[in-house]
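> Structure of the sequence below:
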Amino acid sequence: MAELNEMKGEAKEEPKAQMAATLDEDSQGDVALLGLAKLWWFKIYLLISFALAVSEPFLVAFPDTTYTAQVIVLALSSALWIFGYICVMIKIEEGGFFKRLHDAFLTEILIEVVCFAIGWSLIFRDPGMASIRCFRVFRFVWYSEFYEAKKGTFFYPVTFFAHIVLQYLEKIGAELCTTNSKGGIVVLGFFFYMAYVFGVSFWQKTGNLLLVSPEGNGSQELSECDTLPHCFLIMLRLTFWDGSGFDYLKSLMDNGSNELVSLLILYMCISAMVLLNGLIGIFGGAFQAATVEEDEGEEAEQTLERIENLCKQLSADVAELKNKNN
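Down below sits the predicted model:
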């Protein structure tokens with residue numbers, strides 16, 4: 001009985017110990033955010049900020065009627081971001097002004113900084129390109145780290161979805177931007193290099209040829225692969241089996257260039273079936289790892305629940321024995 005209680009206590013203490021270890025390793029900004037995340041007014045602040053960020057993708061779809069609203073939303077979002085940054089600085093207990101300014105600048109904040117910079121630099125002269133700022137909505141998934149997805153609560157669907165998105169973003173980031181990559185950058189680099197080399201080859205081979213028009217009217221026109229950039233794009237399109245790539249392939253076939261057609265088909269097989277499937281396998285493995293982590297967490301919760309039920313049953317049995325002895 002004592003051993004079971006000890007196991008139960010260890011199971012309950014483990015998450016707290018892990019969180020404490022994480023906070024020790026994190027920056028002061030993360031610790032400050034964790035403290036702010038528990039406050040009711042900060043939760044309202046996050047909801048308002050998130051609502052403004054989500055509204056932007058809908059507003060930019062109607063530029064003629066919502067331009068003023070876009071500027072207002074961008075201004076409000078910027079003011080709220082500055083307010084939140086100041087709150088984090090105030091919450092940090094150690095260091096002077098510049099140290100707090102540095103500690104409050106978390107890595108994920110770069111998303112918002114870049115998006116706000118794009119928004120303010122382009123919204124008055126190029127509103128269309130300024131719409132790129134809408135990617136800042138992904139910043140909010142990092143806030144889900146401070147909240148548990150509890151079933152039955154009002155925000156459970158949003159919190160659970162944010163947890164999944166955050167796992168996927170971190171896994172993709174590890175594949176593309178860190179030394180933990182299992183080959184994502186290598187495969188992409190090989191793919192673009194392969195498209196470039198084939199583009200150079202076919203540009204020099206067919207750039208000045210008059211090929212039969214893919215329209216089927218029997219006329220001849222200059223090859224679509226007339227420049228290196230055009231030929232490079234055609235190779236990329238062939239990988240994704242795009243129509244323009246097939247038009248070029250059909251022109252070569254109608255022109256009787258069977259050896260070039262065979263080479264292009266070989267390129268399609270290698271690039272589309274090998275390289276893209278390789279990328280799917282790499283990123284699929286990353287997503288599977290995220291799912292495994294989620295499953296392990298659920299198994300731990302189920303194990304803890306079984307231990308608690310066993311302890312309750314044993315406690316009831318011990319009490320019943322005591323009553324019988326008395």
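> Am I right that Ala61 falls within a helix?
No: per DSSP: H, G, I helix; E, B strand; the rest coil, Ala61 lies outside any helix segment and is coil.
> quick one: which helix or strand includes Met253?
In this structure, Met253 is located in helix 243-254 according to DSSP states H and E.
> how about the helices in this protein?
2-25, 28-37, 40-59, 63-91, 97-103, 109-122, 127-130, 156-177, 184-206, 228-239, 243-254, 258-268, 276-325 (DSSP state H).
> Worst mean pLDDT among these?
Across these, helix 2-25 has the smallest mean pLDDT, namely a mean of 42.
> From Gln70, how far off is Phe58?
Phe58 sits 10 Å away from Gln70, taking Cβ to Cβ, to the nearest Å as the criterion. Quick note: C-beta positions are derived from backbone N, CA and C, even for glycine.
> Name the residue in the two with the higher neighbour count.
Counting neighbours by other Cβ atoms under 10 Å for Phe58 and for Gln70 shows that Gln70 has the greater number, 21 against 10.
> Is that one in contact with Glu56, as I believe?
Yes: using Cβ atoms under 8 Å, Gln70 is in contact with Glu56, at 7.1 Å.
> Number of residues surrounding Lys151?
Applying other Cβ under 10 Å, I find that Lys151 has 7 neighbouring residues.
> An error on my part: the question was meant for Thr107.
The local packing count at Thr107 equals 11, with neighbours defined by other Cβ under 10 Å.
> now Phe138
The local packing count at Phe138 equals 17, with neighbours defined by other Cβ under 10 Å.
> same deal with Tyr267?
So Tyr267, with other Cβ under 10 Å, has 19 neighbours.
> could you measure Trp158 against Tyr248, distance?
For residue 158 the amino acid is Val, not Trp. Counting by Cβ to Cβ, the gap between Val158 and Tyr248 amounts to 47 Å.
> Can you point out the buried residues in the helix holding Met253?
Of the residues in helix 243-254, those buried under the neighbour-count criterion (16 or more other Cβ atoms under 10 Å) are Gly245, Phe246, Asp247, Tyr248, Leu249, Lys250, Ser251, Leu252, Met253, Asp254.
> same check, this time on stretch 79-94
Residues Leu80, Trp81, Gly84, Tyr85, Cys87, Val88, Met89, Lys91, Ile92 are the ones in stretch 79-94 that count as buried (16+ other Cβ under 10 Å).
> As CSV, those residues with distance to Asp64 would be great.
Converted to CSV, those look like this (distance: Cβ to Cβ, whole Å):
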residue, distance to Asp64
Leu80, 27
Trp81, 27
Gly84, 32
Tyr85, 34
Cys87, 37
Val88, 38
Met89, 40
Lys91, 43
Ile92, 45
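> from those, which is closest to Leu34?
If you rank these by distance to Leu34 using Cβ to Cβ, Lys91 comes first, at 9.3 Å.
> what sits against the nearest residue to the closest one once chain neighbours are set aside?
Using Cβ to Cβ, 6 or more residues apart in numbering and skipping the chain neighbours, the partner closest in space to Lys91 is Ala32 (3.7 Å). With contact taken as Cβ atoms under 8 Å, 6 or more residues apart in numbering, Ala32 is in contact with Val88, Met89, Lys91, Ile92, Asp103, Ala104.
> between those residues, which is nearest Asn323?
Nearest member of these to Asn323, counting by Cβ to Cβ, is Lys91, at 53.7 Å.
> Name all residues that make contact with the closest one.
Under the criterion of Cβ under 8 Å, 6+ apart, the contact list for Lys91 reads Ala32, Leu33, Gly35, Leu36.
> Quick one, which of those residues are buried?
Neighbour counting over those (16+ other Cβ under 10 Å) leaves Ala32, Leu33, Leu36 as the buried ones.
> Dump these to TSV, plus distance to Ile270.
As requested, the buried ones among the contacts of Lys91 are exported to TSV (distance: Cβ to Cβ, whole Å):
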residue	distance to Ile270
Ala32	51
Leu33	47
Leu36	52
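> Just give the number of residues close to Ser77.
Neighbours around Ser77, by other Cβ under 10 Å: 22.
> residues contacting it?
Contacts of Ser77 were listed using Cβ under 8 Å, 6+ apart, and they are Ser49, Leu52, Ala53, Glu56, Phe116.
> just Ala319 next, same as before
With contact set as Cβ under 8 Å, 6+ apart, Ala319 has no partners.
> Contacts for stretch 37-44 next, please.
The set of residues external to stretch 37-44 that reach it, using Cβ under 8 Å, 6+ apart, is Leu36, Cys87, Tyr143, Phe146, Tyr147.
> Taking these together, which two end up most distant?
Taking Cβ to Cβ as the measure, those span a maximum distance of 17.2 Å, between Cys87 and Tyr147.
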